[in-house]
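*Asks:* have a look; sequence and predicted model below, questions after that.
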Amino acid sequence: MVSIKDIAKKAGVSISTVSYALNGSSKVTDETSSRILAIAEELNYVPNAAARTLKKRESRIIGVFLTDFRGDVYGDLLDGVKDVLNQQGYDLIVCSGVQSHRMLPERMIDGAIILDSGFDSEEILRYADRGHRIVVLDRELIHPNINRVLLDNRSGAAAAMNHLLAQGHRKLYVVTGPEDSYDSNQRLAVVRQIATEHPDVELIEIVSNFEKKGGAAAAQQIIGEYKEPVAVFCLNDEMAVGICNVLGETELEVGEHVHIIGFDNIELTKYLQPRLATVDYSRAKWGAAAAEHLLRILAGDPIEHELMQVKLIEGGSVGKR
């Protein structure tokens, strides 16, 4: 790889002069600068981003660490992050997998937004101890260099459960996300608590994966056990869609025999017939808030942790028992 030493040698100038020319400094005459740039182009010189980052102590890049990239939730969230970062002159890089974690200690990014159950909390705390600025969207960590921007999962789950109970449903299925999902576990805890408070409620838990195919598998269990109308709380909409797809091939009607409510209010739910009842929040605002928090703590400005508000969206997928 061509270095600035190679350019300096061919141009017959010092390394510092080459550095000034490549960075557009006025300390170098136009004639010398033009000659150095021409030589750099001739040698196919590519700046070493890592070295430049170490020197300037910033990359102007923010890393967003996600468990997965699929589905409406991640797309809308990233749009919100990107809009805020771009307005402030930052770029965005999306990361997934353990190997990508090194971007923080190697300072290839200025800070991180994390929504990744595979990113161990102890590892995050170690990076925070070293001075890295981090915003978490999927766990409750306490550290001066970490801010939390979380969904109000508890009130959302409570609204969904109370809606099913208000419609007279007492036999309830809950279809969960992955067992290591913070959002799923928060919602499930509320479901269990409310079920315990109502002795006449029969609660059946189906462990799933936040995917349509997981919902389809849950549907097979529900159909196999069906004897009377039941209600199903899917802890995300993707699984609810999977259940609806399977039920559409049977004689069981959504909103009549199987009453379904989801969580996320993804775009597709608006076009299901009947419309899926769900819990809504702005994913773009969630992403934007995460970016704003990270930029604030990077600037050294204090900012309180934030809980993103949610609301119930009623739909024909839930009728009266």
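*Replies:* Nice, thanks for sending it over.

*Asks:* which stretches in the stretch 201-321 of the chain count as helices?
*Replies:* Using DSSP state H, counting those that start in this stretch, the helices of the stretch 201-321 of the chain run over 212-225, 237-247, 283-298.

*Asks:* any idea of the mean pLDDT for the shortest one?
*Replies:* This means helix 237-247. For helix 237-247, mean pLDDT rounds to 97.

*Asks:* buried ones in it?
*Replies:* Across helix 237-247, burial judged by 16 or more other C-beta atoms under 10 Å covers 237-244, 246-247. The C-beta positions use only the backbone N, C-alpha and C, and glycine is treated the same way.

*Asks:* ditto for the longest one
*Replies:* Neighbour-count burial for helix 283-298 flags 283-284, 286-295, 297-298 (criterion: 16+ other C-beta under 10 Å).

*Asks:* and that helix, what does it pack onto?
*Replies:* helix 72-87, strand 111-115, strand 133-136, strand 146-151, strand 306-308 (3 or more C-beta pairs under 8 Å, 6 or more residues apart in numbering; DSSP states H and E).

*Asks:* let's see that with 6 Å instead.
*Replies:* helix 72-87, strand 111-115, strand 133-136, strand 146-151 (3 or more C-beta pairs under 6 Å, 6 or more residues apart in numbering; DSSP states H and E).

*Asks:* and it with helix 72-87, angle?
*Replies:* Angle of helix 283-298 versus helix 72-87, following axes from the mean of the first three to the mean of the last three C-alpha atoms, to 10 degrees, is 40 degrees.

*Asks:* ok, the second one next?
*Replies:* Here helix 237-247 points in a direction 150 degrees away from that of helix 72-87 (the same axes, to 10 degrees).

*Asks:* and for the first one?
*Replies:* What separates the directions of helix 212-225 and helix 72-87 is an angle of 150 degrees, with the same axes, to 10 degrees.

*Asks:* pLDDT value on the residue nearest the centre of the chain, please?
*Replies:* Nearest to the mean C-alpha position of the chain, counting by C-alpha atoms, centre = their mean, stands L115 at 4.3 Å. L115 is assigned a predicted lDDT (pLDDT) of 96.

*Asks:* please name the nearest non-neighbouring residue to T250.
*Replies:* I223 (6.3 Å; C-beta to C-beta, 6 or more residues apart in numbering).

*Asks:* do you know how far that neighbour is from R296?
*Replies:* 50 Å (C-beta to C-beta, to the nearest Å).

*Asks:* thinking again about what came up before, which of the helices of the stretch 201-321 of the chain sits closest to N145?
*Replies:* N145 lies closest to helix 283-298 among the helices of the stretch 201-321 of the chain, at 7.0 Å (C-beta to C-beta).

*Asks:* now tell me what touches the closest one from outside.
*Replies:* With contact meaning C-beta atoms under 6 Å, 6 or more residues apart in numbering, helix 283-298 is reached by 73, 76-77, 79-81, 84-85, 88, 111, 113, 133, 135, 137, 147, 149, 303, 306, 308.

*Asks:* tell me the angle that helix makes with strand 111-115.
*Replies:* 140 degrees.

*Asks:* centre of the chain to helix 283-298, how far?
*Replies:* Taking C-alpha atoms, centre = their mean, to the nearest Å, one finds helix 283-298 lying 12 Å from the centre of the chain it belongs to.

*Asks:* what of stretch 14-32?
*Replies:* 43 Å.
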